[in-house]
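S.K.: Here is the input, now give the coordinates:
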Amino acid sequence: MEQNIFHLQYAMDTFYFLVCGALVMWMAAGFSMLEAGLVRSKNTTEILTKNVALYAIACIMYLACGYEIMYGGGFFLSGIETVDAAAVLKEFSDREDGFTGGAIYSKASDFFFQVVFVATAMSIVSGAVAERMKLWAFLIFAVVLTGVIYPMEGSWTWGGNSVFGLYTLGDLGFSDFAGSGIVHMAGAAAALAGVLLLGARKGKYSADGKVNAIPGSNLPLATLGTFILWMGWFGFNGGSVLKLGDIGNSNSVAMVFLNTNAAAAGGAIAALILAKILFKKADLTMVLNGALAGLVAITAEPSTPTALQATLFGAMGGIIVIGAIITLDKLKIDDPVGAISVHGVVGLFGLLLVPVTNPGSTFSGQLIGAATIFVWVFVTSLIVWAILKATMGIRVSEEEEYEGVDKSDCGLEAYPEFT
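M.R.: As a prediction, the model looks like this:
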């Protein structure tokens, strides 16, 4: 009987991991649609190419070396995974909490769930540098971020390793349930480094300091992308429970889903109201970013807040993201889709919310963890971007930017019948 329970739990936890991983993979489609909708039509094909290619690069690089760096025990040269059922059964039988303790699942399912998080971090970079970056420079950077930069900071956080032998973040009280900092803020830090070296799009900022709006080409597509991301986030946060096969963890999964949804709704409504107050209009792009900001804000700890707290946390994220977008424009940091604000600024905010409901974390630990992630990713990314800029260049020519990078990089237009 005990052995049958073990096999069932192993199968349920593995299957749950795989399903949640597939949901997170679907977020790649969400980022693609969101970014394609928020850039101009002449740059649509290239942004879609970037998103398909970066996902494939992330999968290969994390398989080749990233997972080994982050957790140890890679898969690149190994064959079919084998599981000694008797040994695992004995391990869990000997535990005082029996089968209600830690998760038991296939290691390959863990890799699949982790690799889609890597791709998510890289997708954040894609939107921020859109419309003026060379395609191949971006793809080379994707190799380094997904193969080395992200796995290193992941090894210090979720991997439990010390930071260059100096300190262990977990011992300091750092906690990031599903990656507000580890994934989202890290992606934003890499994006910020690239944007600073890249510069703004032509015509975005006037000499007199005026900010000129550059509208996206397809708001229905951007809205679809946001809903896809909203849906995929249930796998992002829900899968991070890591376990489904007992009553306690099943209830935790349900609360994570509930809180994730509530935070997104709170972020969207708060952004809608604030946009009406500030701009006298119901700005759809701010509503979309507000929903995403709510999701980022709750990602660091979606399991311990009440539904009301989750809604309020999301609403605060929706308010903060509008302020961040306005501030970055004043600083002439050009981010076409608001990725740095949504994932970076609100990602930090999400980390700082964790101690409010999770007594196992500390504000000092969250601050040190956030600083560690940001400094590592930003500095290493800045170095890589600088090398690329000095060697092959990272920005397209003025003529190519004017005509659109679809022609220069891809030779195809997304909407040829309208030209």
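S.K.: For Phe378, the count of nearby residues, please.
M.R.: Counted with other CB atoms under 10 Å, residues neighbouring Phe378 total 21. (Glycine included, C-beta is placed from N, CA and C.)
S.K.: burial of the closest residue to Val115 other than its chain neighbours, as a residue count?
M.R.: Closest residue to Val115 apart from its sequence neighbours, by CB to CB, 6 or more residues apart in numbering: Tyr62 at 4.6 Å. Counted with other CB under 10 Å, the neighbours of Tyr62 add up to 28.
S.K.: for Tyr62, helix, strand, or coil?
M.R.: Three-state assignment for Tyr62 (DSSP: H, G, I helix; E, B strand; the rest coil): helix.
S.K.: Then the one 10 residues further on?
M.R.: For Gly72, the assignment made with three-state DSSP gives coil.
S.K.: just to revisit the earlier point, need the contact list for the residue nearest to Val115.
M.R.: Tyr62 makes contacts with 111, 114-115, 118, 146-147, 151, as judged by CB atoms under 8 Å, 6 or more residues apart in numbering.
S.K.: make it 6 Å
M.R.: 115, 118, 146 (CB atoms under 6 Å, 6 or more residues apart in numbering).
S.K.: now, which of these lie within helices?
M.R.: 115, 118 (DSSP state H).
S.K.: Rebuild the contacts of Tyr62 as CSV, extending it with neighbour count and pLDDT.
M.R.: What follows is the contacts of Tyr62, written out as CSV (neighbours: other CB atoms under 10 Å; pLDDT from 0 to 100):
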residue, neighbour count, pLDDT
Val115, 23, 96
Val118, 28, 98
Thr146, 26, 98
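S.K.: Columns distance to Ala282 on top of the contacts of Tyr62, output as TSV?
M.R.: Below are the contacts of Tyr62 laid out as TSV (distance: CB to CB, whole Å):
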residue	distance to Ala282
Val115	38
Val118	36
Thr146	37
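S.K.: of the contacts of Tyr62, closest to Phe6?
M.R.: Set against Phe6, the nearest of those by CB to CB is Val115 (26.8 Å).
S.K.: any idea how far the closest one is from Thr299?
M.R.: Using CB to CB, to the nearest Å, Val115 is found at 18 Å from Thr299.
S.K.: can you check Ile47 too?
M.R.: 24 Å.
S.K.: quick one: the helices in the stretch 101-250 of the chain?
M.R.: 107-128, 135-144, 150-156, 186-198, 219-238, 247-279 (DSSP state H, counting those that start in this stretch).
S.K.: Which among those helices is found nearest to Ser408?
M.R.: helix 135-144 (8.7 Å).
S.K.: tell me which residues of that closest one are tucked away?
M.R.: Within helix 135-144, the residues scored as buried using 16 or more other CB atoms under 10 Å are 135, 137-138, 140-144.
S.K.: Quick check: the farthest pair among those?
M.R.: Leu135 and Val144, at 15.8 Å, using CB to CB across those.
S.K.: okay but Gly154 is in contact with Glu68, surely?
M.R.: No: judged on CB atoms under 6 Å, Gly154 makes no contact with Glu68 at a distance of 11.6 Å.
S.K.: These two - which one has more neighbours?
M.R.: Taking neighbours as other CB under 10 Å, Gly154 and Glu68 compare with Gly154 leading, 26 against 16.
S.K.: residues contacting the residue lying closest to the more buried one once chain neighbours are set aside?
M.R.: Distances taken as CB to CB, 6+ apart put Met70 closest to Gly154, at 4.3 Å, once the chain neighbours are dropped. By CB under 6 Å, 6+ apart, the residues touching Met70 are 151, 154-155, 159.
S.K.: Throw together a ChimeraX command that grabs the buried residues out of those residues.
M.R.: Here is the ChimeraX command that picks out the buried ones among the contacts of Met70, judged by 16+ other CB under 10 Å:
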select :151,154,155
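S.K.: which residues of the stretch 1-150 of the chain score low on pLDDT?
M.R.: 1-4, 75, 77-104 (pLDDT under 70).
S.K.: could you redo the last one with a cut-off of 90?
M.R.: Counting by pLDDT under 90, the low-confidence segments of the stretch 1-150 of the chain come to 1-14, 72-108.
S.K.: per-residue confidence at Val211?
M.R.: Per-residue pLDDT puts Val211 at 93.
S.K.: which residues does it form a beta bridge with?
M.R.: Tyr205 (DSSP bridges).
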